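Q: give me a 3D structure for the following:
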Amino acid sequence: MDGVPAPVAAVVMKLLAKTAEDRYQTAAGVAADLQYCLTTWEVQRRVDPFPLGAQDVSDRLLISEKLYGREAEIEALLAAFDRVVSQGTTQLVLVSGYSGIGKSSVVHELHKVLVPPRGIFASGKFDQYKRDIPYATLAQAFQSLVRQLLSKNDAELVRWRSALVEALGVNGALMVGLIPELALIVGEQPAVAELPPQDEQTRFQLVFRRFLGVFAQAEHPLALFLDDLQWLDKATLDLIEHLATHPEVRHLLLVGAYRDNEVGASHPLRRTLGEIRSAKGQVQEIVLAPLAPGDVGHLIVDALHCDGAIAEPLVQLVHEKTAGNPALHDPQPARPRDRRRPGISPARGYRMVTKPSEQDVRQELDRMWRLLDGRAIEQLSDLPLMSDPGWRATLLVQQAAHDQGQER
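A: All right, here's what the predicted structure looks like:
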């Protein structure tokens, strides 16, 4: 932007940021920065760099979409993909942890960097109620890829059609049966000959391997993410072993996620992983631990736009109540919104600017006391919204009533 002051250009780039949390959250925040630029220019005929978004605090409590405390795990996943790119090998990476720990979120950080032509990303999720349907999750994953192909222009579609027809040969009906939308690209396919069950499985693995190879190429490696492996079917498990150990499978990052508390030593997945390792397959495991208090602190400070020292009591309480589980850090209530309207102060962060009705306050505090212990008054009293005398008085009255109830 020739002739445009760098801070003004920075405002524009912030408006165009890729992720939502990196953009301005309010029109008032943009207006404040532009007004500062204009005022400075009129006085000094120049605009020096300044912190953007200092007054850009939303009137809603928003939890950032970015991940906290997962930098090492994300780096390990990206490093595995880099090995696939540089070495042309197949890598199997398993991400484990209990429900809500953030397994899928970590893997989808890989999706953000796999913008074509650097790579292709496909994902599917196992369903505990569909464990008797072979390959259903693989069909789900490649269905999305086929639909992306259908959106391409004619010239590109011709290239993909040619590659798919060549790879599938006379066995194209197997893949069309798995992914019906594929027929829109390769056309209707002749029926395949019937074989004994074991030979049928061998043939399917061969055809699927060639089909996958169309997407997994040196110029665009494939990252295939399969979630909830604790519920996978045996046919897919056998195919995973085949893909992870066959020398013809290249340029593939196979990522699986599972709940480690549901995959014990006797689970078929454990036995298969042992067989893959015995066959010299490359397997890496990433175990997600609960968030540390410091990571929870960063999340809360970013959400409330307040100083870390002010948020510390709340951070300790939230970490204690959630045990570091990211899924439990979403503060949105599971009931309709009451008449509270949170407001903001650029200097202090969140505070209450509209006093709620007494009935709303009592209902909210009744619910709060049922969830929290008696230390809540100490934690809440330090929050900016408690500077409102009405809030503080009501809270003290409510705590006294709560303590009397506990004594009875």
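Q: for the stretch 101-250 of the chain, what spans make up the strands?
A: In the stretch 101-250 of the chain, the segments counted as strands under DSSP state E, counting those that start in this stretch are 120-125, 222-227.
Q: name the residues of stretch 84-98 that come out as buried.
A: For stretch 84-98, the neighbour count (16 or more other CB atoms under 10 Å) marks Val84, Thr89, Thr90, Gln91, Leu92, Val93, Leu94, Val95, Ser96, Gly97 as buried. C-beta coordinates here come from the backbone N, C-alpha and C atoms, glycine included.
Q: in stretch 255-269, what counts as buried?
A: Counting neighbours by 16+ other CB under 10 Å, one finds that the buried residues in stretch 255-269 are Val255, Gly256, Ala257, Tyr258, Arg259, Asp260, Glu262, Val263, Leu269.
Q: no, scratch that, I was asking about stretch 300-312
A: For stretch 300-312, a neighbour-count test (16+ other CB under 10 Å) marks Ile300, Val301, Asp302, Ala303, Leu304, His305, Cys306, Ile310, Ala311, Glu312 as buried.
Q: wait, a strand at Ala289?
A: No - the assignment for Ala289 by DSSP: H, G, I helix; E, B strand; the rest coil gives coil, which leaves it out of any strand.
Q: quick one on the thing from earlier: could the buried residues of stretch 84-98 go into CSV alongside distance to Ser162 and secondary structure?
A: Compiled in CSV, the buried residues of stretch 84-98 are given as follows (distance: CB to CB, whole Å; DSSP: H, G, I helix; E, B strand; the rest coil):
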residue, distance to Ser162, secondary structure
Val84, 25, helix
Thr89, 26, coil
Thr90, 25, strand
Gln91, 28, strand
Leu92, 30, strand
Val93, 32, strand
Leu94, 35, strand
Val95, 36, strand
Ser96, 40, strand
Gly97, 43, strand
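Q: as a markdown table, those with distance to Phe215 and pLDDT would be great.
A: Converted to a markdown table, the buried residues of stretch 84-98 look like this (distance: CB to CB, whole Å; pLDDT from 0 to 100):
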| residue | distance to Phe215 | pLDDT |
| --- | --- | --- |
| Val84 | 13 | 95 |
| Thr89 | 16 | 94 |
| Thr90 | 13 | 96 |
| Gln91 | 16 | 96 |
| Leu92 | 17 | 97 |
| Val93 | 18 | 97 |
| Leu94 | 21 | 97 |
| Val95 | 22 | 97 |
| Ser96 | 26 | 96 |
| Gly97 | 28 | 94 |
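Q: quickly check these for the two that are furthest apart.
A: Checking the buried residues of stretch 84-98 against each other with CB to CB, the farthest-apart pair comes out as Thr89 and Gly97, at 25.8 Å.
Q: pLDDT on stretch 184-202, on average?
A: For stretch 184-202, the per-residue pLDDT values average out at 93.
Q: same deal with stretch 137-149?
A: When pLDDT is averaged over stretch 137-149, the result is 95.
Q: run the chain-centre distance for that stretch.
A: Using CA atoms, centre = their mean, to the nearest Å, we find the averaged C-alpha position of stretch 137-149 to lie 19 Å away from the chain's own average C-alpha position.
Q: so for it, what gets flagged as buried?
A: For stretch 137-149, a neighbour-count test (16+ other CB under 10 Å) marks Thr137, Leu138, Ala139, Gln140, Ala141, Phe142, Gln143, Leu145, Val146, Leu149 as buried.
Q: distance to Arg161 added to these, as a markdown table?
A: Formatted as a markdown table, those follow (distance: CB to CB, whole Å):
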| residue | distance to Arg161 |
| --- | --- |
| Thr137 | 25 |
| Leu138 | 21 |
| Ala139 | 20 |
| Gln140 | 22 |
| Ala141 | 20 |
| Phe142 | 16 |
| Gln143 | 17 |
| Leu145 | 14 |
| Val146 | 11 |
| Leu149 | 9 |
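Q: many thanks, have a good one.
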